[in-house]
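1. return a 3D structure for these sequence lines:
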Amino acid sequence: ASGNAPENLTMPKSNPPSPTQLLPGDRTFHSLLTPYLAPYLVYVALSSIPASIVDPAIAQAVKLAATAALLLWFRRKYRFGPFRIFHAVAALVALPLALAAWIGPFYLLDALGVAAIPEPSVKVYSANAYFYLRLFNSTILVAFFEELFTRVYMMGWLYQADRQRHEKGTLTSILDTLDQHPAPLATLPLSAFSVIGTTIVFTAGHSPREYLSAVCYFLFTTWLYRKTNSLWLCIIIHALVNLIIALLVGCARLTWLW
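-> Okay, the predicted model is just below:
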């Protein structure tokens, strides 16, 4: 850590679990990177394997096994904050808007003549192993590891770096923060810098045709995160949106959503 770093950013602290303190204070951001990033990277890497090399159903099974194993291995490193029934109810109430934030941009780009929406596919997914495995992966695994990596780790890292940017500069503060311990937080790690940076990271994990949808969806759910102070709400609504998308693919054959 830099010698100019504030003391409360470098001293190990065992921060108690709370809605705002989801990163343990007795570890550095560098040491926490692997538990939060590894499941994300493994899932993305396995998703990039061409269907001509590995059968898609087998690829989904391997993703399930590998990613779930990593999440279970690192489970003691993760914190989710308290769960209340209100979080599930709020997720259900906000679900239509979250779904519109994801699907709506596709129709907007189609109306503007930027990217046409394909006709419903003749493929039938709902009766095969690939469909059920991908449904489970996107609904359960993705909802957990994407929220943990982006909304807990990345937001926490960039928020702490943001507090030092004026003194050190943007790049130096980001790099220095890796060697620091997460500082105690009185509020969620939300600032313009952390939200914009995390939105870019979240969006980059999707295909180019999904970029606008990813931005709209992530900003909307970040607003919900700020209003409810609940990571659980974000996980639940993420899982529900992915579930409905899978059902639209399987039942309405809107395979362009995948």
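
2. tell me who's in contact with the residue nearest the centre of the chain.
-> For the chain, the residue nearest the mean C-alpha position is residue 146 (2.6 Å; C-alpha atoms, centre = their mean). Listed by C-beta atoms under 8 Å, 6 or more residues apart in numbering, the contact partners of residue 146 are 40, 202, 205, 238. Placement of C-beta: from N, CA and C, glycine included.

3. for residue 39, see how far away the second one is.
-> Going back to what we said before, that points to residue 202. Residue 202 sits 15 Å away from residue 39 when distances are taken as C-beta to C-beta, to the nearest Å.

4. these two: which has the busier surroundings?
-> The neighbour comparison of residue 202 against residue 39 (other C-beta atoms under 10 Å) goes to residue 39, with 26 against 22.

5. element containing the more buried one, please.
-> Under the criterion of DSSP states H and E, residue 39 resides in helix 29-47.

6. any chance you could list what contacts that helix?
-> Contacts for helix 29-47 (C-beta under 8 Å, 6+ apart): 23-24, 59, 62-63, 66-67, 70-71, 74, 77-78, 137, 141-142, 145-146, 148-149, 152-153, 156-157, 160, 177-182, 205.

7. the residue nearest to residue 197 when sequence neighbours are not counted: neighbour count?
-> Among residues not flanking residue 197 along the chain, residue 158 sits closest, at 4.4 Å (C-beta to C-beta, 6 or more residues apart in numbering). Residue 158 has 23 neighbours, counted by other C-beta under 10 Å.

8. what does the one 3 residues further on give?
-> Neighbour count of residue 161, defined by other C-beta under 10 Å: 26.

9. flag every buried residue along the helix holding residue 39.
-> 29, 32, 35-36, 38-40, 42-43, 46 (16 or more other C-beta atoms under 10 Å).

10. cool, and stretch 188-208?
-> 188-191, 193-195, 197-199, 201-203, 205.

11. how about TSV for those residues, with pLDDT, distance to residue 245 and secondary structure added?
-> Shown next, in TSV, are the buried residues of stretch 188-208 (pLDDT from 0 to 100; distance: C-beta to C-beta, whole Å; DSSP: H, G, I helix; E, B strand; the rest coil):
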residue	pLDDT	distance to residue 245	secondary structure
188	95	27	coil
189	96	28	coil
190	96	26	coil
191	96	30	coil
193	97	30	helix
194	98	27	helix
195	98	24	helix
197	98	26	helix
198	98	22	helix
199	98	20	helix
201	96	21	helix
202	97	16	helix
203	97	17	helix
205	90	16	coil
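
12. I'd like the buried residues of helix 29-47 as a markdown table, with distance to residue 231 and pLDDT appended.
-> Output for the buried residues of helix 29-47, formatted as a markdown table (distance: C-beta to C-beta, whole Å; pLDDT from 0 to 100):
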| residue | distance to residue 231 | pLDDT |
| --- | --- | --- |
| 29 | 18 | 97 |
| 32 | 16 | 97 |
| 35 | 16 | 97 |
| 36 | 13 | 98 |
| 38 | 19 | 97 |
| 39 | 16 | 97 |
| 40 | 16 | 96 |
| 42 | 22 | 96 |
| 43 | 19 | 96 |
| 46 | 25 | 92 |
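
13. return the member of those residues nearest to residue 244.
-> Nearest to residue 244 among the buried residues of helix 29-47 is residue 43, at 20.4 Å by C-beta to C-beta.
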